[in-house]
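*Asks:* Structure, please.
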Amino acid sequence: MTGEINRYLGQEVLGYIEAKSMSKRSVNPDCGQCCELAANDTINAFARKWREIISVSYDDIANGDFSEECFSLGFGMDLGKSLKKAFPGVNVEKSSGFKMVVNSIDDVFFLGTAIFSYWRWLTHWMDHGKIYSDDAKEWFTLAFDRLIEITKDDQQ
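*Replies:* Have a look, this model is predicted:
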């Protein structure tokens, strides 16, 4: 099978690019890591869980098992490079910029990678307190809402 090029990441995707596919394998061009993306219902449950958590007790996203869950779902981590590359000229690290583009994202792997990379950026490379900012909370809310939307089954 010949791989296709993911329009967001510019990387080869083995399998289906369509966001509503049940699973797909992708290869991260920066590290060569091969990821198997979890089924949409599993990703949807993850997004609903974390959307609820940040609406009640935002502290849990900075701690807990967030990174382990992202890895287990097959999300990549690229320091936000793919999100910035896909939307040049838009400050996607701020909720105001991300809000302008989030509804155009229909690729589960791409959005999951953006979420994981944003979390990592906030918790490891920025002042740790930034993850508790209202802007970061809004960014995650927008991202989880969109991830819920693009992974929902038509029956839900």
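*Asks:* Quick one: end-to-end length of stretch 94-105, please.
*Replies:* 16 Å (Cα to Cα, to the nearest Å).
*Asks:* Rounded mean pLDDT for it, please.
*Replies:* For stretch 94-105, the mean pLDDT works out to 97.
*Asks:* again, but for stretch 72-88
*Replies:* The model assigns stretch 72-88 a mean pLDDT of 90.
*Asks:* mind listing what's buried in that stretch?
*Replies:* Under the neighbour-count criterion of 16 or more other Cβ atoms under 10 Å, stretch 72-88 has 73-78, 80, 82-84, 86-87 buried. Glycine gets a C-beta too; all of them are placed from N, C-alpha and C.
*Asks:* swap in stretch 94-113?
*Replies:* So for stretch 94-113, counting by 16+ other Cβ under 10 Å, buried means 95, 98, 102, 105-113.
*Asks:* Identify the farthest-apart pair in these.
*Replies:* 95 and 109 (21.9 Å; Cβ to Cβ).
*Asks:* Do a quick rundown of the helices in this structure.
*Replies:* Assigned helices in the chain, in chain order: 40-56, 59-62, 66-73, 81-86, 95-101, 108-120, 134-151 (criterion: DSSP state H).
*Asks:* Name the stretch among those helices that sits most buried.
*Replies:* helix 108-120 (a mean of 24; mean count of other Cβ atoms under 10 Å).
*Asks:* and that one, average pLDDT?
*Replies:* 92.
*Asks:* for it, packing partners?
*Replies:* helix 40-56, helix 66-73, helix 81-86, helix 134-151 (3 or more Cβ pairs under 8 Å, 6 or more residues apart in numbering; DSSP states H and E).
*Asks:* got a list of what residue 98 touches?
*Replies:* Residue 98 makes contact with 90, 92, 139, 142-143 under the criterion Cβ atoms under 8 Å, 6 or more residues apart in numbering.
*Asks:* Residue 108 now?
*Replies:* So residue 108 contacts 19, 37, 40, 43, 147, 150-151 (Cβ under 8 Å, 6+ apart).
*Asks:* Just give me the closest of the residues you listed to residue 55.
*Replies:* residue 147 (14.7 Å).
*Asks:* Just to check, the closest one is in contact with residue 42?
*Replies:* No. Counting by Cβ atoms under 8 Å, residue 147 does not reach residue 42; the two are 11.7 Å apart.
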